[in-house]
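> Fold the following, please.
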Amino acid sequence: MKVFLSRPLFDTQLLASRLEDAGITLITTNSDDICPIATLLEQANGADGLITHTEDNLTAEVINQLPASIKIIANYGIGFSNIDIEAATKKGIQVTNTPTDEAFHATAEATVALLVSIARQVPALNAERRAMKTDPAPSFKRPTAVSIRKKVTGIVGLGRIGSRVAKMMYHGFDNSIIYYDLYQNASLEQELNAEKVPLKELMETADFICVNMPLSEQTYDLVSADMLAFVKPDAVLINTARAGLVNEDALIERLNKGLLHGAGLDVYSDKVNAITADNVALTSHFANFEKEAYTAMTNLVIDNLIGQLTHKKPVTPVNSPLGR
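Here you go, the predicted model:
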């Protein structure tokens, strides 16, 4: 058996070694760049599976060109919106992802780290000092931080990541928790006295807005221009989920006009190049970039591949294909 890895992982040697022990040969490229679709399709010939990253855009057109030998697409990431699940299911290809506890914890910690950084004006203060040769003179006319304690945190998506953010903000900073979700989280409501509210109310009320909801057709542009218009001018917005959840044009306009205290964005498009506001942190989809999370994700990718290719029982399937 053979699988193709579209781009080296955090620990490709661990991947190769464990697969080899299971009788599976790993083929990969030496480039750290996003794999061209033409290369992926070429390497898929004769392979039994693919290991993809969330940056690999496997549309229905691409999936329909995959050879019949491909039995699994093992996505390296919590999300899988980069893969046309319906097309894969119709073609009988199993799709898996890597929703490890370590990855959820890492992303939640990154969300709170961004929130604290923006609230305390760290990006703006850093930019100010780096533009000078000495410390600026003390002045009460300079922009001030906003306190983090005893505020209202609004979580857009109180799932496995959002719930961890809520716990940290509640226990660590004595914040009240409100949330918007498609489903009710009764256990968190009881534990944290969290309140489920309409999205408009969350936008109007929250001092800190954390976007942690999966991207889908139903949630695309959820934090729309209309919704952003309700946000308080001294609020902080953090997005560690997917860029498509937040209307970037409206967000950038508010930031540049000084109508937000700041924003921390781990996911975004090239539109962020138009941001002129200083109190903004861009972290390039690195929210779960830590040794523990990536090791756990690597092991889960391996377990999914071995499970599907040897027993037709992947650990974390995201679809139920027919004919395999």
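> can you give me the end-to-end distance of stretch 27-41?
Terminal residues of stretch 27-41 lie 13 Å apart, using Cα to Cα, to the nearest Å.
> ugh, typo on my part, it should be stretch 8-26
Rule used - Cα to Cα; the end-to-end distance of stretch 8-26 is 11 Å.
> and it, how far from the chain's centre?
Its chain's average C-alpha position is 25 Å from that of stretch 8-26, according to Cα atoms, centre = their mean, to the nearest Å.
> in it, what's buried?
With burial defined by 16 or more other Cβ atoms under 10 Å, the residues of stretch 8-26 counted as buried are Leu9, Leu15, Ala16, Arg18, Leu19, Ile24, Leu26. Using the backbone N, CA and C atoms, a C-beta is placed for each residue, glycine as well.
> Now for Leu305, how many residues are close by?
29 (other Cβ atoms under 10 Å).
> ok, it - contacts?
Counting by Cβ atoms under 8 Å, 6 or more residues apart in numbering, Leu305 makes contact with Val3, Leu19, Ala22, Ile24, Gly49, Ile51, Ile72, Ala74, Pro314.
> Likewise for Ser269?
Ala243, Glu248.
> And it, how close does it get to Met203?
According to Cβ to Cβ, to the nearest Å, Ser269 stands 22 Å off from Met203.
> ok, back up a step: which members of the contacts of Leu305 are positioned in helices?
Among those, DSSP state H puts Leu19 in helices.
> out of the contacts of Leu305, who's nearest Ala124?
Ile51 (40.0 Å; Cβ to Cβ).
> Contacts for stretch 155-168, please.
Outside of stretch 155-168, the residues within contact range by Cβ under 8 Å, 6+ apart are 78, 99, 104-105, 107-109, 111-112, 153, 177-181, 185, 188, 191-192, 194, 196, 199, 202, 209-214, 222-223, 240-241, 245.
> Are any of these buried, and if so which?
Those of the contacts of stretch 155-168 that meet the buried threshold are 78, 99, 104-105, 107-109, 111-112, 153, 177-181, 185, 188, 192, 194, 196, 199, 202, 209-214, 222-223, 240-241, 245, by 16+ other Cβ under 10 Å.
> what pLDDT does Leu215 get?
For Leu215, the model assigns a pLDDT of 87.
> hang on, isn't it packed against Val246?
No - the pair Leu215 / Val246 is not scored as a contact, 10.3 Å apart, by Cβ atoms under 8 Å.
> Of all pairs in the buried residues of stretch 8-26, which one is the farthest apart?
Leu9 and Ile24 (14.9 Å).
> which of the buried residues of stretch 8-26 lies closest to Gly264?
Closest approach to Gly264 among the buried residues of stretch 8-26 (Cβ to Cβ): Leu9, at 26.1 Å.
> Am I right that Cys210 sits in a strand?
Yes - under DSSP: H, G, I helix; E, B strand; the rest coil, Cys210 sits within a strand.
> Bridged to it, which residues?
Note on Cys210: beta-bridge partners by DSSP bridges are Ile155, Ile238.
> Run through the residues that contact it.
For Cys210, the contacting residues are Thr111, Leu115, Thr153, Gly154, Ile155, Val156, Gly162, Val165, Ile238, Thr240, by Cβ under 8 Å, 6+ apart.
> Closest to Phe173 out of these?
Once Cβ to Cβ is applied, the member of the contacts of Cys210 that ends up nearest Phe173 is Thr153, at 8.0 Å.
> distance of the closest one from Ile72?
Distance of Thr153 to Ile72, computed by Cβ to Cβ: 39 Å.
> Report the buried residues of stretch 194-208.
For stretch 194-208, burial by neighbour count (16+ other Cβ under 10 Å) applies to Ala194, Lys196, Val197, Leu199, Leu202, Met203, Glu204, Thr205, Ala206, Asp207, Phe208.
> next one: stretch 77-96
Buried, per 16+ other Cβ under 10 Å, within stretch 77-96: 77-85, 87-91, 93-96.
> With stretch 139-149 instead?
For stretch 139-149, burial by neighbour count (16+ other Cβ under 10 Å) applies to Ala145, Val146, Ile148.
> Flag the shaky bits of the chain, pLDDT-wise.
For the chain, applying pLDDT under 70 flags the ranges 322-324.
> Going along the chain, name the helices of it.
Counting by DSSP H, the chain has helices at residues 12-21, 37-44, 60-64, 85-90, 101-119, 122-130, 162-173, 186-192, 199-205, 225-228, 248-256, 291-311.
> Tell me the bridge partners for Gln94.
Beta-bridge pairing for Gln94 (DSSP bridges): Ile72.
> out of Leu215 and Val246, which sits in the busier spot?
Val246 (26 against 16).
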